[in-house]
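Trainee: I'll drop the sequence and a predicted model, then ask my questions.
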Amino acid sequence: MALQPSLSPLIIAGSHSAPHTLEIFLDYVCPFSAKIALSIDKILKPLFDANGKYAGQVKVIFRNQVQPWHGASTFVHEAGLAVARVAPDQFWPFSLALFKAQGEYFDIPTSDMTPKQIRQKLAELAASFIGEKDTFLDLLTLKSTPNGGVAVTDDLKYTIKFSRQNGIHVSPTAVFDGLIANEISSGWTEEDWNKWLASKL
């Protein structure tokens, strides 16, 4: 499916020009999303990147899937989009780190934190990937009208509108060449992925 050019860092594996597209809708505070994200990194990236078995055939797009019943979901997705702007090549490494630290952003750990405190905590994590946190925090600072959002709000709106118009409800959800692939599971092994890919390519 389409991806606005400013969000090209969300292509996390494979060639940007690959004819097939695997989109994975992920929420940073969803345990099952974290599980499949690690599989993408360990299994799919080596298969799709240069010299991989399916090099040049499939690209993987990370689709932000904000789950509003988790209070911090909006904030963690803003953080991912901010890193994508500041240091595009660090989007996926930062995302993996955020998935690994997701428990710190679950409902109870963040229940007594203000939005500013959550963003500050995220800035500390981001700094280890982008070298500083001021630029990152600047993108997450409320500046315009009282209800105008932050600098990455329009990117966040785009990702949410994309999910809504395509009827994506749960995370993770996989879409292959525009069709939901309900058979894909966060628990898939390398053997499962290879068997499925062999049937599709």
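Mentor: Perfect, thanks for sending it.
Trainee: Can you list the buried residues in stretch 12-31?
Mentor: Counting neighbours by 16 or more other Cβ atoms under 10 Å, one finds that the buried residues in stretch 12-31 are 12-14, 18, 20-30. Using the backbone N, CA and C atoms, a C-beta is placed for each residue, glycine as well.
Trainee: And residue 118, how close does it get to residue 45?
Mentor: 29 Å (Cβ to Cβ, to the nearest Å).
Trainee: Next: residue 133.
Mentor: Per Cβ to Cβ, residue 133 is found 27 Å from residue 45.
Trainee: Okay, now the unreliable bits of this protein?
Mentor: 1 (pLDDT under 70).
Trainee: need the longest helix for it.
Mentor: Once the chain is assigned using DSSP state H, the helix that runs over the most residues is helix 115-130.
Trainee: Could you list every helix and strand in contact with that helix?
Mentor: Other helices and strands packing on helix 115-130, by 3 or more Cβ pairs under 8 Å, 6 or more residues apart in numbering; DSSP states H and E, are helix 73-86, helix 91-100, helix 134-139.
Trainee: Give me the residues contacting it.
Mentor: For helix 115-130, contacts defined as Cβ atoms under 8 Å, 6 or more residues apart in numbering pick out 72, 75-76, 78-79, 82-83, 86-87, 90, 93-94, 97-98, 101, 104-105, 110, 113, 133, 136-137, 140.
Trainee: go on, stretch 146-166?
Mentor: 1, 4, 6-7, 25, 63-66, 74, 77-78, 81-82, 84-85, 138-143, 175.
Trainee: And stretch 77-89, by the same measure?
Mentor: So stretch 77-89 is contacted by 6-10, 27-28, 64, 66, 90-91, 94-95, 98, 119, 122, 125-126, 129-130, 135-136, 139-140, 150-153, 155-156, 159 (Cβ under 8 Å, 6+ apart).
Trainee: Looking at the buried residues of stretch 12-31, which are in strands?
Mentor: 12, 13, 20, 21, 22, 23, 24, 25, 26 (DSSP state E).
Trainee: Let me see the contact set for the second one.
Mentor: Read it as residue 13. 40, 44, 45, 48, 49, 58, 59, 60.
Trainee: change it to 6 Å
Mentor: 44, 45, 48, 60 (Cβ atoms under 6 Å, 6 or more residues apart in numbering).
Trainee: Now the third one. Nearest residue, chain neighbours left out?
Mentor: Spelled out, it's residue 48. Nearest residue to residue 48, sequence neighbours excluded (Cβ to Cβ, 6 or more residues apart in numbering): residue 14, at 3.6 Å.
Trainee: again, but for the second one
Mentor: The spatial neighbour of residue 45 that comes closest, neighbours along the chain excluded (Cβ to Cβ, 6+ apart), is residue 13 at 4.4 Å.
Trainee: If anything else comes up later, I'll come back, but that's it for now.
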